[in-house]
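> Quick one, structure for this:
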Amino acid sequence: MASVAAVVAWDGANGGIDGLKSLASNGVLQGLAVAAPANVAIASDVCHRFRAEKLRSAAEVIEALHWFEGTDASHLLWVLSPRVEITATTVRRIADAAADIRAAILFSDYFDRNADGAVSLHPLIDYQSGSLRDDFDFGPIVLLSRAALTGLPAAITIDRVADEFGGWYDVRLRASERGPVVRLPEPTYVVPASMEVTAGEAHFNYVDPRNREYQIEMERVATAHLKRIKAYLSPPSAAPVADDTPFSVEASVVIPVRNRVRTIADSTRSALGQKTDFDFNVIVVDNHSTDGTTEALAELAAAEPRLIHFVPERTDLGIGGCWNEAIYSVNCGRYAVQLDSDDLYVDENVLSRVVAEFRRGNYAMVIGSYTIVDFNLQPIPPGLIDHREWSPENGHNNALRIAGLGAPRAFHVPTLRTIGFPNVSFGEDYAVAIQLTRWYPLGRIYDSLYWCRRWEGNTDHALPLETRNRYAVYKDRLRSIEIAARQQ
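Got it, this is the predicted structure:
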């Protein structure tokens, strides 16, 4: 029979701790350890209290694991907030399930309770080897087995890859190396409306300069994990594919579009307005628009021979499929440079700068920097996204931890044609980038080249949970495939 001890991260909710104390006092939990700041008094004969702010530093995590080693419980319940509502029945349920399947880590779906008292299912997603990102959402309750935790305090102390921020991240990566990480697809607890559940860093926090120290530490932890699972790669050094293909132009700006009549003319003019000392064109792949986009593009193309506007025969294309239509066409230039149908280049020199970077470094891929703006091009937080976390020595490894590599993205077309894009409308660029960085060095431009508009028409605006989960599963799968490839 599985037995459970619990470590709880203090967040100021006495009621939640009292509920877990009750489970401990009636024998459901073997013991209860509360990580709380030094100025918080938690008096209880069933609680062990140790000094901690957020239960995330290496020192805090090591102390929690040492406490667990002093119990004889088979599993440790890691509770990120005591305000969750969990019963004796469900503690036993998740512990028995973890024991039966010999899970190193087990987590589950849960119920959200809104302010009116109604509950709704909050499904999470399954864990994969590619779920190594530090913002993977386990929910606020995670169960870890003793077998997965044995010896970890010493390993964490010796390796010293985690320090102030990455203790929990280090533990869960190490535990995942020792056994399966299992999601129980059933709700086992309730999260009240008053509790703010965070799935990790906000979308752009990983490139916010204020979080630089956090990101450096997380990269260190993730890199150590990749080394242990033999998926770490030395810096890539391959040259781009031999360029013996004749091209009618040196560069093409590629704009996939569907139903963007409000923005497509601005984006297209931004591309056509580039000043270069080489020939270029603009390829707009119009994915069967129905809102007037097609007519607007036809009018522009009639006056501008450099604008290649075509509607594919296929009707099953995502953004990646539209990119393939462009890069495999006879119209495509030697370099293909991305521009989304919502967005603009910051000035008339962007294309020249990107091509110059290709020529300078003989790269297969170049990525610039962009500024988040509103529809009227006024900067909005976090502003400049320059991905200075990238390093030539380890960026290709850290790319498996973070959400993306930046924009605008540009490609050496002969090399890109050896891979092509997956026919999806989310993550298609990430799929290509992590493959290319397996072999090829990446060129970077850290000045802002691109106005990235955030407005109500964006395809990623206010996504429902089901869609967010689907996108997260797909990117994790891309990472899983890439990890398997790198392990070979």
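
> quick one, what contacts the nearest residue to Ser289 once chain neighbours are set aside?
If the residues on either side of it in the chain are set aside, Ser289 comes closest to Asn259, at 5.0 Å by C-beta to C-beta, 6 or more residues apart in numbering. C-beta: built from backbone N, CA, C; applies to glycine. Going by C-beta atoms under 8 Å, 6 or more residues apart in numbering, Asn259 touches Ser289, Thr290, Asp291, Thr293.

> now do Val346
So Val346 contacts Thr371, Ser448, Leu449, Tyr450, Trp451 (C-beta under 8 Å, 6+ apart).

> does the second one sit in a helix or strand, and which one?
Applying DSSP states H and E as the criterion places Ser448 in strand 442-453.

> Given that strand, what are its sheet partners and their directions?
With DSSP bridges as the test, strand 442-453 is paired with strand 344-345 (antiparallel), strand 365-373 (parallel).

> Just tell me which of those strands ends up closest to Ala222.
Closest to Ala222 of the strands paired with strand 442-453 is strand 365-373 (C-beta to C-beta; 19.9 Å).

> Show me the helices in the stretch 1-150 of the chain, by range?
Assigned by DSSP state H, counting those that start in this stretch, the stretch 1-150 of the chain shows helices spanning 14-25, 58-69, 88-101, 146-149.

> so can I have a markdown table of the ones you listed showing distance to Arg51, mean neighbour count and mean pLDDT?
Compiled in a markdown table, the helices of the stretch 1-150 of the chain are given as follows (distance: least, C-beta to C-beta, whole Å; neighbours: other C-beta atoms under 10 Å; pLDDT from 0 to 100):
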| stretch | distance to Arg51 | mean neighbour count | mean pLDDT |
| --- | --- | --- | --- |
| helix 14-25 | 16 | 17 | 84 |
| helix 58-69 | 8 | 21 | 95 |
| helix 88-101 | 26 | 17 | 96 |
| helix 146-149 | 21 | 19 | 98 |
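
> for these, which one sits closest to Ala222?
Of all the helices of the stretch 1-150 of the chain, helix 58-69 comes closest under C-beta to C-beta, at 14.8 Å.

> which helices and strands does the closest one pack with?
Contacts defined by 3 or more C-beta pairs under 8 Å, 6 or more residues apart in numbering; DSSP states H and E place helix 58-69 against strand 4-9, strand 29-36, strand 47-51, helix 146-149, helix 152-159, helix 167-176.

> ranking these by mean pLDDT, which is last?
Sorting the helices and strands packed on helix 58-69 by mean pLDDT places strand 47-51 lowest, at a mean of 85.

> Strand partners (parallel or antiparallel) of it?
The strands beside strand 47-51 in its sheet (DSSP bridges) come out as strand 29-36 (parallel).

> Name the residues that touch the partner strand?
By C-beta under 8 Å, 6+ apart, strand 29-36 touches 3-10, 17, 20-21, 23-24, 42, 44, 46-52, 55, 60, 63-64, 67-68, 71-73, 77, 91.

> what's the closest of the strands paired with strand 442-453 to Val161?
Nearest of the strands paired with strand 442-453 (C-beta to C-beta): strand 365-373, 26.8 Å.

> what's the following helix or strand after the closest one?
From strand 365-373, the next helix or strand downstream (DSSP H and E) is strand 379-385.

> Could you list the buried residues of the strand holding Ser448?
The neighbour-count check on strand 442-453 (16 or more other C-beta atoms under 10 Å) flags Leu442, Gly443, Arg444, Ile445, Ser448, Leu449, Tyr450, Trp451, Cys452, Arg453 as buried.
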